[in-house]
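**Q** Using only what follows, build the 3D model:
(one chain, ligands or ions: 2)
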Amino acid sequence: MAGSAMNIDLSNAQFTRDESGRPFIIVRDQGKKTRVHGAEAVKQHIFAARQVSNIVKTSLGPRGLDKILISPDGDITVTNDGATILGQMEIKDNIAQLLVSLSQSQDAEIGDGTTGVVVLAGALLEQAAELIDKGIHPIRIADGYDTACEIAVAELDQISDSIAFSKTDNANLFKVAKTSLGSKIVSKAHDHFAQIAVDAVLSVADLERKDVDFELIKVDGKVGGALEDTLLVKGVIVDKDFSHPQMPNEVKDAKLAILTCAFEPPKPKTKHKLDITSVAEYKALQKYEASKFEEMIRQIKDTGANVVICQWGFDDEANHLLLTNDLPAVRWVGGPEIELIAIATNGRIVPRFEDLSAAKLGKAGIVREMSFGTTREKMLVIEECANSRAVTVFVRGSNKMIIDEAKRSLHDALCVVRNLVKDSRIVYGGGAAEIACSLAVERASLETRGLEQYAMRAFGEALDAVPMALAENSGLSPIETLAELKGRQGRGEGVGVLGVDCMQTGSNDMREHFVIDPLISKRQQLLLATQLCRMVLKINNVIVAGAGDGDY
Ligand SMILES: Nc1ncnc2c1ncn2[C@@H]1O[C@H](COP(=O)(O)OP(=O)(O)OP(=O)(O)O)[C@@H](O)[C@H]1O
Ligand SMILES: [Mg+2]
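**A** Numbering: from 1, shown residues only. Ligands and ions are numbered 1, 2, ... in the order given. Purely as a prediction, here's the structure:
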């Protein structure tokens, strides 16, 4: 036991006693810097990065597996999303952390393809390690990769197709959204989710300007029901109900007073001193409060409002007065919801009661309570809003983890549709585009003189990692599948269209199955992965401040 557990450098140790005289030893090794040099350093980083990319590799594609991540405080996340998997892993290695930020930038810019980009980067780094072993300088490798990446991107443009769609004819968008959802937990209900994604994006999209404002799409969820019960509301959903069960549960042609000020009878607060000496006085006070509140209600009704949305609460007595005065109200509405309601209904938030006026009211065609199945839970739906573009997706599912993953998957699908609105060009998935690029790069490498040709060939081989991973995850033989597809594409058959038949449909024609990815997504994957490699290859020194040996 002794010695094996205590692997500490004791040359710096100091012996002291604490205040009650117990002896202890201080070992000083904070502030010590560790460093690795040269090619060894590069290879060490590559090794660490490869391990990370191997973890996400198994979740690529429609047959990819999900991961369960458990946080230090026991929260459980089940996900297939590359960026989420990496984001929740506690990765110590600094270079491997770059892969995490790589998938996050893909997530931020494109939204989908976060697993693919890491698999590609891992493969590129692995190839680079072999070239370093052959004695090629890392910078030469990086240069070769850059050239190869340009060729690959040009090839993507070459093989890209454009898909047609409009607000009314959205069948194509629907199919692309379905591809994106095919690898997710929601795949059971993916028709439904794909339709929601398309409808949501198209209702907020400006097709002329090719612009989609994601701020207007809110994704909300509540445990209960099944994934199929998920619905899209052209308006806003608030997890509240009218304050009194006898208020009407539907208000047509609603004018909303949106209050962030208190809306209740004037109450003697505990810090005021109020002397009440007789029953009569008490009654008078009660009457005064009630009449004051009725006056407030009248003020609101005078502006033309027929619904009150209030950030604060009011007590049962006030509630009763609201009911008898026919003014439906919603209390305790959270700040963000208040803002959303104001935006959607074109209303103004009223912070002081005296400021209320007709011009500040929000307008909506209908405000209604929505109830779920047999439960007594209710939510408030505000539809046909004046600013009609805001929509809410309301995700249902049997538990929180499923809802969270469904939200992430929906986010991917929303992003894919948005990307197509921005740029309607697509390439075919299932590794078809990667194989075409790989062939183009390999062809170009033959015409390149100098050492770069090795790097270019390596780049081509790294691109094969995507179809190979897809094949492996689907239970196919990776190398056989790749050889067949590459052979056929190489002979000019279905260039950029033949991909891995993950779903065992019997045909490799991705156009037929409509397995497609937006062009900008694939292009971004190539660019980001290549950029990351250049960065890693250029590092030959890692200096970690304050870390012990082997802790980098
Ligand atoms: N039916 C299918 N047949 C063959 N390949 C498919 C099919 N559906 C999707 N793919 C391929 O699977 C890959 C996408 O897998 P996945 O969605 O798991 O990862 P990602 O998009 O890279 O990352 P993430 O979705 O986690 O952000 C793409 O290469 C796509 O072309
Ligand atoms: Mg995806």
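**Q** secondary structure class for Arg488?
**A** Going by DSSP: H, G, I helix; E, B strand; the rest coil, the secondary structure assigned to Arg488 is helix.
**Q** For it, which non-adjacent residue is spatially closest?
**A** Setting aside the residues directly before and after it, Arg488 is nearest to Leu498 in space (C-beta to C-beta, 6 or more residues apart in numbering), at 5.7 Å. Bear in mind the C-beta positions are built from the backbone N, C-alpha and C, glycine included.
**Q** Bridge partners for the one you found, pull those for me.
**A** Judged by DSSP bridges, the bridge partners of Leu498 are Asp509.
**Q** residue contacts, it?
**A** Residues near Leu498 by C-beta atoms under 8 Å, 6 or more residues apart in numbering: 432, 435, 485, 488-489, 508-510.
**Q** what about 6 Å?
**A** 432, 485, 488-489, 508 (C-beta atoms under 6 Å, 6 or more residues apart in numbering).
**Q** how is this protein carved up into domains?
**A** 36-162+428-545, 235-265+278-387 (automatic domain parsing).
**Q** so which of the ones you listed comes closest to ligand 1?
**A** Among the domains of the chain, the nearest to ligand 1 by C-beta to the nearest ligand atom is domain 36-162+428-545 (2.1 Å).
**Q** that older thread, which among the contacts of Leu498 end up buried?
**A** Using 16 or more other C-beta atoms under 10 Å as the burial test, the contacts of Leu498 include 432, 485, 489, 508 as buried.
**Q** What does the pLDDT read for the second one?
**A** Same thing as Leu485. pLDDT recorded at Leu485 is 94.
**Q** repeat for the third one
**A** Reported pLDDT at Gln489 in the predicted model: 93.
**Q** cool, and the first one?
**A** At Ala432 the predicted local confidence, pLDDT, stands at 94.
**Q** As CSV, the domains of the chain with distance to ligand 1 would be great.
**A** Below are those laid out as CSV (distance: least, C-beta to the nearest ligand atom, whole Å):
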stretch, distance to ligand 1
domain 36-162+428-545, 2
domain 235-265+278-387, 26
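**Q** closest one to Ala197 among these?
**A** Closest to Ala197 of the domains of the chain is domain 36-162+428-545 (C-beta to C-beta; 11.1 Å).
**Q** can you give me phi and psi for Glu383?
**A** The phi/psi pair for Glu383 (degrees, to the nearest 10) reads phi -120, psi 170.
**Q** Who does it form a beta bridge with?
**A** Gly235, Ile366.
**Q** separation between it and Ile258?
**A** 16 Å (C-beta to C-beta, to the nearest Å).
**Q** more neighbours, these two?
**A** Of the pair Glu383 and Ile258, Ile258 is the one with more neighbours under other C-beta atoms under 10 Å, namely 25 against 18.
**Q** My impression was that that one belongs to a strand - is that right?
**A** Yes: under three-state DSSP, Ile258 sits within a strand.
**Q** wait, what's in contact with it?
**A** 309, 342, 347, 349, 362.
**Q** Isn't the last one up against Thr345?
**A** What that stands for is Gly362. Yes: under the criterion of C-beta atoms under 6 Å, Gly362 makes contact with Thr345 at 2.8 Å.
**Q** quick one: common contacting residues for these two?
**A** Going by C-beta under 6 Å, 6+ apart, residues that sit against Gly362 and also against Thr345 are Leu256.
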